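Participant: A structural model of the following input is requested.
(chains A and B)
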Amino acid sequence: MSEITSNILAQDSLSRKSLAFCGYTGYAAIILFIIGGVWLGGMLPPLLNASDTPSEVVAKVNENLLNMRVGSIFMIASFALFGTFGAGIAAQTRRFETSPVFSYVQLVFTAGGTTIALLVAFAWSLMVFRPDTYAPSILLMWADFAYFLAVFSVPLFGGWCVLIALPIFFSEPGREPFPRWVAYVNLWAALLFAPGQMVIFFKDGPFSWHGIVAMYLPFIAFFAWIAIMSWVMIKIANDENS
Amino acid sequence: MNEKSQAQSRIPGEPGIWAFVTGDLLVFSLFFILIAIGNQEQGGVFSSARGTLDLRFGLANTLLLLTGSFFVAIGVERFRLDDGRDNRIWFRLAILSGVIFLINKVFEWNAKVSDGMTPMTNDFFMYYFVFTAIHAIHVFVGVVILSFLFKKSQAPFTPETQRGLESGAIFWHLVDLLWIMLFALFYLV
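Facilitator: Reported below is the predicted structural model:
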């Protein structure tokens, strides 16, 4: 075996491990969000409502202050992992591109998505930092800000999914970076994020930021999408090992 | 195995498109349930709001999508037969029906807004504007897909190309099916 070939294999072994690592960080992001956002932080299901008055927000935040603070720490850890998760998908796409257009654009969207997600956790943290010092309406604004960042940024997160789907569709048969069904899953996820933009019109009901269509659907779809993409990355890494 | 029996023994399109269709139908089922609950809880509001919709717009759009689906089906069938006849006209007509649907929709929305009806007017118009807008996004995506089909339909016949064309056509039929449900719930029930 030539030195060049063994080097390539060594690199391949590394890329397999890296891909699996990125996939596992997706799982970790989900677990951390379940602890921080679902169990402790009160983000999903929403502790606060878009229809709450500022004084109601202050009361709810004060009642759950410690949980929300600890939850914020878990949430920001979860959201930081979107970076590794997205980079893994881009790296796998890159392996099948001669000219790395889609993988680079995916990286841009990964960076944008990670930044926006981190800001969600920042907004949540600031809301619980000194709730009695801020004016009540500012607390409400932090809650609005957090949910708007999360669900109103449809072009970014939906665009990310579309940019994962397109290179799969455009690939020659048998040369797809991911199985073709993954492309359809990504398009479906993008579609599920879309109703999030309705939050700008409504403060109550299914299209408000605590509603079933504009909040629950995009949130659940987003973490289901991470779970599916993580599973696929790990499966590809394992299959190549065998 | 000849071509005809092959066509009979396989599922049209790629498996992934069926997963997508199932998923999309699940989401729209949620939308339909929400409309039905609103209709039950606020029967008076929904009934009077429904009366302000212009049935002609809805009917025209239903016919446009149904004929569009018919054109796509003929285009895919012509490709499958691979008899050398030009099938571009069918995809062109289907694209045209989608574009006219969207123009018609914009006129209809504009008329409603001019009459003072907005998504914030009441729950009926909230559902009407939001769900028809989500559907219109589907139509727009469908028109883009049909444009790809138009290009693909000129390629030499291969089973992969056939599956690609069928997948696009299945999406267009889904758009049609969703509209028929929305049409019934908003204009007729």
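Participant: any idea of the pLDDT on the residue of chain B at minimum distance from chain A?
Facilitator: Closest contact between chain B and chain A, by Cβ to the nearest Cβ, is at B:Gly16 (3.7 Å). To be clear about C-beta, it is placed using only N, CA and C from the backbone, and glycine gets the same treatment. B:Gly16 carries a pLDDT score of 90 in this model.
Participant: and it, how many residues sit next to it?
Facilitator: If you count neighbours by other Cβ atoms under 10 Å in any protein chain shown, B:Gly16 ends up with 21.
Participant: Flag every buried residue along the helix or strand containing it.
Facilitator: Taking DSSP states H and E as the definition, B:Gly16 sits inside helix B:15-41. The neighbour-count check on helix B:15-41 (16 or more other Cβ atoms under 10 Å in any protein chain shown) flags B:16-18, B:20-21, B:23-24, B:27-28, B:31-32, B:34-35, B:38-39 as buried.
Participant: Likewise for stretch A:29-41?
Facilitator: So, applying 16+ other Cβ under 10 Å, buried residues of stretch A:29-41: A:Ala29, A:Ile30, A:Leu32, A:Phe33, A:Ile35, A:Gly36, A:Gly37, A:Val38, A:Leu40, A:Gly41.
Participant: Would you mind confirming that the last one is in contact with A:Phe74?
Facilitator: What that stands for is A:Gly41. Yes. If you go by Cβ atoms under 8 Å, A:Gly41 and A:Phe74 touch, sitting 7.3 Å apart.
Participant: Could you list the low-pLDDT ranges of the chain?
Facilitator: Answering for chain A, as no chain was given. A:1-11, A:241-242 (pLDDT under 70).
Participant: wrong one, I was asking about chain B
Facilitator: For chain B, the ranges with pLDDT under 70 are B:1-9.
Participant: quick one: the helices in it?
Facilitator: Along chain B, the stretches classed as helices by DSSP state H are B:3-8, B:15-41, B:43-51, B:55-81, B:88-114, B:123-152, B:159-183.
Participant: what does chain A give?
Facilitator: A:3-33, A:54-63, A:65-80, A:82-94, A:101-127, A:136-147, A:154-170, A:180-193, A:217-241.
Participant: between those helices, which gets nearest to A:Lys203?
Facilitator: Shortest distance between A:Lys203 and the helices of chain A, using Cβ to Cβ, is found for helix A:136-147: 9.5 Å.
Participant: Next one: B:Phe125 from A:Phe157, what distance?
Facilitator: Using Cβ to Cβ, to the nearest Å, we find B:Phe125 at a distance of 28 Å from A:Phe157.
Participant: closest to B:Val175 out of the helices of chain A?
Facilitator: Set against B:Val175 and scored by Cβ to Cβ, those come closest in helix A:180-193, at 12.0 Å.
Participant: Contact distance from chain B - what residues of chain A qualify?
Facilitator: Applying Cβ under 8 Å from any Cβ of the partner chain, we find that chain A lies next to chain B at A:173, A:180-181, A:183-185, A:187-188, A:191-192, A:194-195, A:198, A:201-202, A:205-207, A:212-213, A:217.
Participant: Quick check on those residues: which are buried?
Facilitator: Among the residues of chain A next to chain B, those buried by neighbour count (16+ other Cβ under 10 Å) are A:180-181, A:183-185, A:187-188, A:191-192, A:194-195, A:198, A:201-202, A:205-207, A:213, A:217.
Participant: what's the closest non-adjacent residue to A:Val213?
Facilitator: A:Pro206 (4.3 Å; Cβ to Cβ, 6 or more residues apart in numbering or on different chains).
Participant: if I pick the one you found, what's in contact with it?
Facilitator: A:Ile212, A:Val213, A:Ala214, B:Leu34 (Cβ atoms under 8 Å, 6 or more residues apart in numbering or on different chains).
Participant: How about A:Gly23?
Facilitator: A:Phe85, A:Gly88, A:Met229, A:Ser230, A:Trp231, A:Val232, A:Met233, A:Ile234, A:Ala237.
Participant: For stretch B:90-98, buried residues please.
Facilitator: Neighbour-count burial for stretch B:90-98, with 16+ other Cβ under 10 Å as criterion, is recorded at B:Trp90, B:Phe91, B:Leu93, B:Ala94, B:Ile95, B:Leu96, B:Ser97, B:Gly98.
Participant: Am I right that the fifth one is in contact with B:Phe150?
Facilitator: Read that as B:Ile95. Yes. Contact criterion Cβ under 8 Å: B:Ile95 and B:Phe150 qualify, at 6.8 Å.
Participant: before we move on, back to that, now the two most distant members of the contacts of A:Pro206.
Facilitator: A:Ala214 and B:Leu34 (11.8 Å).
Participant: If you count neighbours, what's buried in stretch A:85-103?
Facilitator: Buried, per 16+ other Cβ under 10 Å, within stretch A:85-103: A:85-94, A:96-97, A:102-103.
Participant: can you give me the end-to-end distance of it?
Facilitator: Using Cα to Cα, to the nearest Å, the end-to-end distance of stretch A:85-103 comes to 13 Å.
Participant: which other residues reach that stretch?
Facilitator: Against stretch A:85-103 from outside (Cβ under 8 Å, 6+ apart): A:15, A:18-19, A:21-23, A:25-26, A:29, A:104, A:106-107, A:109-111, A:113-114, A:160, A:163-164, A:166-167, A:171, A:175-178, A:226, A:229-230, A:233, A:236.
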